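1. Fold the following, please.
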Amino acid sequence: MRVSSRRTKVKDVCETLFAPFTMKTSGVLLALLMIIVTTEAGAYGKLKRKIEDFPKNVKTLEDEVPGKPSSNKRTMDAGVSLGWSGSFGHSDLEMSKRFYPDAAFPCVPNPCQNGGRCIAPNNYQFQCICPSSFKGEFCIQANGPEVIARWTNNKYYSANILQKSNHQTTVIFTDGDKLTYSNGDVSAVLPDQAPSAVKVAHHVVAKYKGSKKYHIGFVIAESADGYDVQFDDGDDDIYSLSQLRILSNQDSPHKLGARVFARYTNGKYYRGFVDSVTSSTVHIDYDDGSTTELKMSDPSAVILDELPCYTNVDPGQRVIAHYPGRTRYYSATVKSKISRGSNACYQKDVYDVVFDDGDKTRDDFNQIRLIPS
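-> Coordinates of the predicted model:
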């Protein structure tokens with residue numbers, strides 16, 4: 001009895017095609033062709049079975065309905081379990097959508113930052129579920145109170161509080177960088193709120209001419225146009241009250257976060273912050289990035305950056321003073337102070353000082369600091 005099959009039909013065709021060849025040659029060619037056909041047929045069968053079984057092995061979109069736990073614990077965000085505790089409308093979840101026309105798996109890799117969870121309601125969109133500390137399309141924006149925080153260059157930048165405990169505060173800046181500060185450092189994190197009022201000699205921070213960073217300065221005058229702020233680098237500009245933020249400072253140059261003038265190894269004084277303290281020393285971070293450690297037992301080593309009142313300055317008093325065209329201060333002695341018929345605290349052009357090298361100048365109220373005796 002003749003059995004018809006794919007293999008016998010192929011054999012008949014091959015015998016017809018290769019009749020002109022010798023028996024030996026035809027046998028070799030026939031064997032090679034049968035191997036190829038058999039292999040391809042097996043691969044086709046496997047592929048067909050995989051296609052038929054595909055719906056059984058892929059989680060359907062219905063498994064991703066918000067609020068419904070996944071039956072097989074698989075998610076589209078690189079293996080992270082959704083761990084549902086609420087729904088899309090939950091108050092501490094920030095939902096966002098993004099269209100990806102060519103992405104078969106929009107959550108791989110996970111586009112959500114800072115611990116955000118990604119779900120894909122379909123093959124063309126994803127949604128980020130953000131932790132309560134973050135918000136935005138990709139969970140990048142911090143959700144905490146807005147502040148201005150001191151970066152490592154001693155400049156201030158906009159940030160949000162990420163976490164706060166009894167001892168530390170962690171902030172995240174708008175570019176995503178994070179820093180943690182001791183709560184004892186009173187000048188590190190400032191509320192991003194305009195003060196109700198400022199006066200001459202108040203220590204403030206303000207953005208200079210459209211810059212994103214805040215610079216440190218003093219209010220040196222008030223007029224109908226606003227507040228004249230002179231920055232530590234000597235520049236000045238007029239600001240409205242809403243553009244100013246108060247810089248908190250310590251009452252001693254030996255406390256964490258104090259804004260100070262500190263004597264460098266060359267004997268001159270430069271601005272910086274007290275970065276850390278021990279029982280006998282203070283560590284200084286200067287504005288130019290240099291550091292030093294000074295002894296508390298030397299009262300002239302670290303001087304608080306605050307403006308002295310006219311009535312507290314006397315001839316013969318030791319001070320550090322500004323020299324025209326310089327940002328650093330030099331040791332000097334008050335030779336005399338000019339009387340203009342007023343004891344107002346903050347007067348201009350009233351202090352005649354003599355520097356230790358013999359040079360002389362006349363300084364304003366904001367250009368000298370008292371050296372503690």
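
2. show me where the stretch 251-373 of the chain has strands.
-> With DSSP state E, counting those that start in this stretch as the criterion, the stretch 251-373 of the chain has strands at 259-263, 269-277, 281-286, 291-295, 302-304, 318-322, 329-337, 351-355, 360-363, 368-370.

3. can you redo these as TSV with mean neighbour count and mean pLDDT?
-> Placement of C-beta: from N, CA and C, glycine included. Converted to TSV, these look like this (neighbours: other C-beta atoms under 10 Å; pLDDT from 0 to 100):
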stretch	mean neighbour count	mean pLDDT
strand 259-263	24	98
strand 269-277	20	97
strand 281-286	20	98
strand 291-295	14	97
strand 302-304	22	98
strand 318-322	19	97
strand 329-337	18	97
strand 351-355	19	97
strand 360-363	16	96
strand 368-370	20	97
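
4. neighbours of residue 168, just the number please.
-> For residue 168, the count of nearby residues is 13 (other C-beta atoms under 10 Å).

5. Could you pull up the contacting residues of residue 368?
-> The contact partners of residue 368, by C-beta atoms under 8 Å, 6 or more residues apart in numbering, come to 308, 313, 319-322, 332, 334, 351, 353.

6. quick one: low-confidence parts of the stretch 1-150 of the chain?
-> 1-104 (pLDDT under 70).

7. how about 90 then?
-> Across the stretch 1-150 of the chain, the ranges flagged by pLDDT under 90 are 1-109, 113-114, 119-126, 131-137, 139-144.

8. per-domain residue ranges of this protein.
-> 1-34, 56-143, 146-246, 259-304, 310-370 (automatic domain parsing).

9. What ranges does this structure have for its helices?
-> 6-17, 23-57 (DSSP state H).

10. Look at residue 314 and say how many residues are nearby.
-> 10.

11. Strands of the stretch 51-200 of the chain, start to end?
-> With DSSP E, counting those that start in this stretch as the criterion, the stretch 51-200 of the chain has strands spanning 97-99, 117-122, 125-129, 134-135, 141-142, 146-150, 156-164, 168-173, 178-182, 189-191.

12. Who does the third one pair with, and is each partner parallel or antiparallel?
-> Partner strands and pairing direction for strand 125-129 (DSSP bridges) are strand 97-99 (antiparallel), strand 117-122 (antiparallel).

13. Just send the strands of the stretch 51-200 of the chain back as JSON lines, with distance to residue 281 too.
-> Listed next are the strands of the stretch 51-200 of the chain as JSON lines, based on distance: least, C-beta to C-beta, whole Å:
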{"stretch": "strand 97-99", "distance to residue 281": "53"}
{"stretch": "strand 117-122", "distance to residue 281": "48"}
{"stretch": "strand 125-129", "distance to residue 281": "48"}
{"stretch": "strand 134-135", "distance to residue 281": "40"}
{"stretch": "strand 141-142", "distance to residue 281": "35"}
{"stretch": "strand 146-150", "distance to residue 281": "21"}
{"stretch": "strand 156-164", "distance to residue 281": "26"}
{"stretch": "strand 168-173", "distance to residue 281": "23"}
{"stretch": "strand 178-182", "distance to residue 281": "17"}
{"stretch": "strand 189-191", "distance to residue 281": "25"}
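
14. count of neighbours near residue 216?
-> 23.

15. which residues touch residue 147?
-> 158-161, 171, 189-192.

16. what is it paired to in the beta sheet?
-> residue 159, residue 191.

17. Could you check how far it is from residue 288?
-> 25 Å (C-beta to C-beta, to the nearest Å).

18. what's the answer for residue 199, then?
-> Taking C-beta to C-beta, one finds residue 199 at 30 Å from residue 288.

19. got it, and residue 282?
-> On the measure of C-beta to C-beta, residue 282 and residue 288 end up 18 Å apart.

20. Quick check, pLDDT for the residue nearest to residue 365 when sequence neighbours are not counted.
-> Excluding the flanking residues, the one nearest residue 365 by C-beta to C-beta, 6 or more residues apart in numbering is residue 346, at 4.3 Å. We have a pLDDT of 97 for residue 346.
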